[in-house]
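> the following comprises the amino acid sequence and a computationally predicted model.
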Amino acid sequence: MGAISLKLKGLLLILLLSSNWVFANPVCTPAKDKIIIYQPWASHANLTSAQLNSIGKTLNNSGYTHLLLQWNRYGEHSYTSDHQSYWIHDISNKKNKIIEGLYADPQFFSALKLSDAELDSYLSKLRKKSFDEAKYLSLRTTHRIRGWYLPEEIDDLNWRSETRQRILSNHFKILVSALRKLHPDTPVYASTFFGGHTTPQDYANFLNKIHLETGIIWMVQDGQGVFRSPRPNTLRYLSAVNKTLPSNAWLGLLENFTELNQTSENRFCPASTTEIKERQKLWCAATGREPDVYFSLNQLNNQLLGHQNSKCTTRRGHIAPN
């Protein structure tokens with residue numbers, strides 16, 4: 001009896017250690033593609049050919065298959081107009097597949113404070129600008145467009161009512177349909193994030209509903225780089241998304257930056273290697289999948305593409321090597 005008891009204790013200990021090891025080192029389904037988002041700024045037009053080549057090498061050495069441009073037009077500024085060189089696509093070093101971001105309105109989040117009727121009218125104008133950009137890019141680019149990205153980011157705060165969800169569904173449905181007529185087999189993406197304003201299941205149900213009605217493919221942000229207090233239970237939100245949405249309806253987006261507790265625009269620092277590994281483990285534990293998308297190239301090549309902040313370099317162990 002004593003021997004059996006010892007054996008049982010030994011077995012229980014092995015099971016306990018194994019379960020802890022699995023959580024600490026979860027087994028993940030590898031991402032089919034590895035996408036990195038690039039946020040274009042006007043200052044990047046001054047990059048030299050040597051610097052662009054350096055960025056391209058970083059992309060290739062890090063195993064990225066796709067470069068997603070967060071926008072091609074930001075407000076009144078176009079990054080692909082005839083009076084500019086087409087430098088923006090040279091960053092890909094000709095080897096990465098391109099997902100084209102469309103029109104980004106700097107006032108998008110302010111517009112969410114409008115009445116429902118006013119918001120519906122605003123989105124109609126936004127659609128036209130994005131579709132005009134898509135038509136222009138279709139004529140302008142020489143490479144195959146592997147996807148469209150809609151720069152408006154969808155949260156769990158401003159779209160909770162049935163009316164708002166109907167407005168959003170209509171917005172995406174019209175634009176996705178128009179883009180498919182332009183390029184029939186090209187996927188259309190939009191990103192989304194949660195701030196704890198709905199339950200994880202309600203958030204997942206909302207994303208699934210919009211996907212089924214419109215065909216939009218979500219890029220679900222993990223929120224791990226954003227400074228928040230308190231922070232939502234990320235594990236529960238990502239788990240709910242994974243259990244609710246079909247696997248082809250969404251991609252996981254890992255934030256490779258860390259926001260400092262300050263108000264300046266250069267408060268975003270590159271995440272450290274340790275931070276990125278911890279976030280990858282979180283994705284695996286929550287979904288059993290590796291993240292597909294990383295935000296952003298600006299942090300991956302912070303010296304050439306990011307805002308400089310001395311606090312990023314003085315905070316111990318913070319900078320991830322380029």
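On my side now, so go ahead. Numbers count the residues shown, from 1 in each chain.

> strands of the stretch 151-300 of the chain, residue ranges please.
With strands called from DSSP state E, counting those that start in this stretch, the stretch 151-300 of the chain shows them at 188-192, 217-221, 250-255, 257-259, 268-270, 293-295.

> could I get those strands as CSV with mean neighbour count, distance to residue 169 and mean pLDDT?
Using the backbone N, CA and C atoms, a C-beta is placed for each residue, glycine as well. Converted to CSV, these look like this (neighbours: other Cβ atoms under 10 Å; distance: least, Cβ to Cβ, whole Å; pLDDT from 0 to 100):
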stretch, mean neighbour count, distance to residue 169, mean pLDDT
strand 188-192, 21, 12, 98
strand 217-221, 22, 13, 98
strand 250-255, 23, 16, 98
strand 257-259, 20, 31, 92
strand 268-270, 24, 32, 90
strand 293-295, 24, 23, 98
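
> nearest to residue 105, out of these?
Nearest to residue 105, of all these, is strand 188-192, at 14.0 Å by Cβ to Cβ.

> mind putting the strands of the stretch 151-300 of the chain into JSON lines with distance to residue 164?
As requested, these are arranged in JSON lines below (distance: least, Cβ to Cβ, whole Å):
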{"stretch": "strand 188-192", "distance to residue 164": "14"}
{"stretch": "strand 217-221", "distance to residue 164": "17"}
{"stretch": "strand 250-255", "distance to residue 164": "20"}
{"stretch": "strand 257-259", "distance to residue 164": "27"}
{"stretch": "strand 268-270", "distance to residue 164": "29"}
{"stretch": "strand 293-295", "distance to residue 164": "25"}
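
> of all these, which one is nearest residue 80?
It's strand 188-192; of these, that one is closest to residue 80 (Cβ to Cβ) at 18.7 Å.

> ok, residue 70 touching residue 36?
No. Counting by Cβ atoms under 8 Å, residue 70 stays clear of residue 36, with 10.7 Å between them.

> looking at these two, which one has more neighbours?
Per other Cβ atoms under 10 Å, whichever of residue 70 and residue 36 has more neighbours is residue 36, with 24 against 21.
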